[in-house]
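1. coords please:
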Amino acid sequence: MVALAGCASAPPAGQGDWLAFLDPGVTTREVVTTRLGAPDAAYEGGRIVAYWVGADEGGYHKPRQGSPPQYSLVLVFRRDGMLDRHSLVKVRGD
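-> Model prediction:
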C-alpha cells in the first residue's frame, strides 16, 4: 500500500481546504476521524487507512452518492496516533 504513494497525481484546480488540515507530525488520528469519519479501508491493524475521494473543478470532496471515487487518500499513522505521512492516489481516470 505504501508503494502506491508514488502514484499520486496533481490536485485539481481550486482544491479548497477540504484536505488542508492534514499535517504530518501535527494531525492526530482523532482529528482525521472527526473531520472525515470512519475510513473506507484499514490495513496493518489500522495504522494505515484509506478514504475514497472525489474531485471536480471545485476541488476534493467525499464522493457523491452513486459516483465512483477518483482518488484514494492513504494515511499512515505512527504508533502514538500522529499522522506520519499521506498520499492521494488516483484510482480512475476521467
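
2. quick one: strands adjacent to the lowest-mean-pLDDT helix or strand in the chain?
-> In the chain, no helix or strand scores lower on mean pLDDT, DSSP states H and E than strand 59-61, which sits at a mean of 87. Strand pairing for strand 59-61, determined by DSSP bridges: strand 48-56 (antiparallel).

3. for the chain, which residue is closest to the average position?
-> With distances taken as C-alpha atoms, centre = their mean, residue 73 lies nearest the centre of the chain, 2.3 Å away.

4. what bits of this structure have low per-residue confidence?
-> Across the chain, residues meeting the criterion (pLDDT under 70) sit at 1-16, 92-94.

5. in this structure, which spans are helices?
-> 29-36 (DSSP state H).

6. so what's residue 26 up against?
-> With contact taken as C-beta atoms under 8 Å, 6 or more residues apart in numbering, residue 26 is in contact with 82, 83. The way it works is simple: take the backbone N, C-alpha and C, and place the C-beta from them, glycine included.

7. ditto for the one 3 residues further on
-> For residue 29, the contacting residues are 77, 81, 82, 83, taking C-beta under 8 Å, 6+ apart as the criterion.

8. Contact partners for the second one?
-> If I follow you right, that is residue 81. Residue 81 neighbours (C-beta under 8 Å, 6+ apart): 28, 29, 30.

9. sorry, back to before: tell me, how many residues neighbour the nearest residue to the residue nearest to the centre of the chain once chain neighbours are set aside?
-> Closest residue to residue 73 apart from its sequence neighbours, by C-beta to C-beta, 6 or more residues apart in numbering: residue 51 at 4.5 Å. As a burial measure, residue 51 scores 22 neighbours (other C-beta atoms under 10 Å).
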